[in-house]
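below are the sequence and a predicted model for it; my questions follow.
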Amino acid sequence: MVNLLYAELLKLKRAKMLLVSLIGAASAPLMVFIGYLNLRAKKPQEPIYFQEAFGETNLYLTMLLGTMLYGVITAYLFQREYAEDTLKHMLTIPISRLRLLLSKLLLLFLWITLLTLFCWLSILLLGTIAGYDGLSLKVMYHALKQYVAGGWLMFLLTAPTMLVTLWFKNYVPTIIFTAALTMGNVAIINNEYVVLYPWSVPYVIATGSFNDVYPPLYSYVSIAVVSIFSLILAAIYFKRSDIH
Amino acid sequence: MHQQEESMQTIIKTTDLTKQYGTHKAVDNLNLNVNKGQIYGFLGQNGAGKTTTIRMLLGLIRPTSGRMELFGERIDTGPGQLLKRIGSMIEFSGFYENLTARENLQINARLLGIHKPEALQEAMEIVSLHQETKKLVGSYSLGMKQRLGIARAIMHHPELLILDEPTNGLDPVGIKEMRGLIRTLAKERQMTILISSHILPEVEQLADRIGIVHQGRLLEEISMDELRAQNRHYMEFQVSDDNKAVLLLEQRLGITDYVARGGGIVRIYSHLGQQAQLNRLFVEQGIDVSRIDVKGERLEDYFVRLIGGGTFG
């Protein structure tokens, strides 16, 4: 597995996608930063707190940006092997298809973790530059915990995206799929079902914002069912599909 | 005796191998036999089923039915670890274009457990790309990519090399270089080589044995020596009405071993030496004869006759 992960990392060398994904991830803290700049211009006396900046950025990241951004990265990791015609070669090396799938998931996990940490650091940096208030180790740690939890839960939700990518072997259906899921997040954000909809659940769990209508267990079950079921389907499909 | 058995060891064997997509049989009960040390030319038109067969052997496509053996072992659930003994290049070689040639090969080396850096260098030298290892593959020409594909396929010293249309897209110089490369590999490394192609003259110059596949079926497996021995001669008549001419051949003389090639050309494989009588018969029946030749058959002619007419490629 170490060799496979090394190979997957090497494939990313000089790939512009890594930079593109960092720019994409930076859009969440930047949007929040620009929003606060605007607020400061109108109400210069009103303090801006790090805790709020972290919270808002996490909301953007998990509810709006993450599904699409991580979806595109998932599509890139799998679809490029079809587009660059390298998969047929990878599979004529004696490595099992499941191990190849697993190595890509491992890389995706690392990539999402990197972007999550990058967002967190960006807020820290931008907030320091702009002079936000209320920075403490407790605030930083609390935010980091929420970011990492949200990121890792969103990683679990890349399984359905992976299934769509493997099925269609094309970016377009994946982008449409993740856009539709994000629209679902927007539609449900102020609704009681926000704790049930798998793609809004990462935010709910990460921030502990459950409601009284449904027990937290429902949220965990929702995300678990979608990711495990999709992962199994994707693995079966990839293992059995013909490579042309 | 032992040496003879060794040399006749079957490296690839398929029995009634079939791949069906809906009602279409891409490969139809194919029985292929490739012996150790041979260069086996797997010939067929585009879409004949060559690539599908190769992909099944490499575990990329699941057969619908039939049996496959590699190195004497059944591979019903895929070639698995036997892939370590095989090098392959399937059609156009796919590479990570953001990486250099060396980095692309490093991926292979890692996954195949090759730790010697000289293995990469050696493979690059064989394909004459050792001066270009630091270039991004994205900047390589098609010919260079095909050569790099060969380097990737041989870097682990496989016993069997499978090349699917290795000269696809190459210019005449590239084709010549590729041919030289394959010859060198067969000679210096004693590899068994399966090379699929739709370019007959190319295979004719390389192969020890050929298998001709058409519409998914293997029509014939024959050694090049046998084929040369058989190298059938024929009479070729250029006539004014080939339909009437072949009718006459069948009805008057009972000749069925002929091919009407269109444009008034009729080739007759039997009754050699009787061109004068045949000419007289045609003229008496009002068919003008403008040319009579006696010729030997090339692989291309043989192939076209085998598949029942048409063109090759």
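On my side now, so go ahead. Because the structure is a prediction, the values reported are computed rather than measured.

any residues of chain B in contact with chain A? List them.
If contact is defined as Cβ under 8 Å from any Cβ of the partner chain, the residues of chain B in contact with chain A are B:55, B:58-62, B:79-84, B:86, B:88, B:90, B:92-99, B:103, B:106-108, B:110-113, B:136, B:152. All C-beta atoms are positioned from the backbone trio N, CA, C, and that covers glycine.

would you write a PyMOL line that selects the buried entries of those?
Buried residues among these (16 or more other Cβ atoms under 10 Å in any protein chain shown), as a PyMOL selection:
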select buried, chain B and resi 55+58+59+60+61+79+82+83+86+88+90+92+93+94+95+96+97+98+99+103+106+107+108+110+111+112+136+152
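
which SS state does whatever residue of chain A ends up closest to chain B fall under?
Among residues of chain A, the one nearest chain B by Cβ to the nearest Cβ turns out to be residue A:85. It sits 3.1 Å away. Using DSSP: H, G, I helix; E, B strand; the rest coil as the criterion, the local structure at residue A:85 reads coil.

now do the one 10 residues further on
Under three-state DSSP, the three-state class of residue A:95 is coil.

and stretch B:234-254, how far apart are its ends?
16 Å (Cα to Cα, to the nearest Å).

got the buried residues for stretch B:193-205?
Within stretch B:193-205, the residues that qualify as buried by neighbour count (16+ other Cβ under 10 Å) are B:193-198, B:200, B:202-204.

just the CA atoms of it, as CSV, please.
The C-alpha coordinates for stretch B:193-205 follow below in CSV (Å, rounded to 0.1, in the frame of the first residue of the first chain):
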residue,chain,number,x,y,z
ILE,B,193,6.2,-12.0,-28.3
LEU,B,194,2.5,-11.7,-29.2
ILE,B,195,2.1,-8.8,-31.6
SER,B,196,-1.2,-7.8,-33.0
SER,B,197,-1.5,-5.8,-36.1
HIS,B,198,-3.6,-5.0,-39.1
ILE,B,199,-0.5,-4.1,-41.1
LEU,B,200,0.4,-7.4,-42.8
PRO,B,201,3.8,-6.6,-44.4
GLU,B,202,5.0,-5.5,-41.0
VAL,B,203,4.1,-8.8,-39.3
GLU,B,204,5.2,-10.8,-42.3
GLN,B,205,8.8,-9.6,-41.7
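
and it, how far out from the chain's middle?
For stretch B:193-205, the distance from its own C-alpha centre to the chain's C-alpha centre is 4 Å (Cα atoms, centre = their mean, to the nearest Å).

cool, stretch B:203-216 as well?
Between the mean C-alpha point of stretch B:203-216 and the mean C-alpha point of its chain there is a distance of 4 Å (Cα atoms, centre = their mean).

next one: stretch A:128-138
Chain-centre distance of stretch A:128-138: 25 Å, with Cα atoms, centre = their mean.

around chain B, pick out the residues from chain A.
Those residues of chain A that sit near chain B, judged by Cβ under 8 Å from any Cβ, are A:3-4, A:6-7, A:10-11, A:13-16, A:84-89, A:91-95, A:240, A:242-244.

quick check: end-to-end length of stretch B:188-202?
The first and final residues of stretch B:188-202 sit 20 Å from each other (Cα to Cα).

need the mean per-residue confidence for stretch A:116-131.
Summarised as a single mean, pLDDT over stretch A:116-131 is 92.

what lies in contact with it?
By Cβ atoms under 8 Å, 6 or more residues apart in numbering or on different chains, the surrounding residues in contact with stretch A:116-131 are A:22, A:25-26, A:28-30, A:32-33, A:36-37, A:40, A:48, A:50, A:53-54, A:57, A:61, A:135, A:140, A:143-144, A:147-148, A:150-151.

how about the CA coordinates for that stretch, as CSV?
Only the C-alpha atoms of stretch A:116-131 are listed here, as CSV (Å, rounded to 0.1, in the frame of the first residue of the first chain):
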residue,chain,number,x,y,z
THR,A,116,-9.3,21.6,5.4
LEU,A,117,-6.2,22.7,7.3
PHE,A,118,-5.4,25.2,4.6
CYS,A,119,-8.8,26.9,5.1
TRP,A,120,-8.3,26.9,8.9
LEU,A,121,-4.9,28.4,8.5
SER,A,122,-6.1,31.0,6.0
ILE,A,123,-8.7,32.3,8.4
LEU,A,124,-6.0,32.5,11.1
LEU,A,125,-3.7,34.4,8.8
LEU,A,126,-6.4,36.7,7.3
GLY,A,127,-7.9,37.4,10.7
THR,A,128,-4.5,38.2,12.1
ILE,A,129,-3.9,40.6,9.3
ALA,A,130,-7.3,42.2,9.6
GLY,A,131,-7.0,42.3,13.4
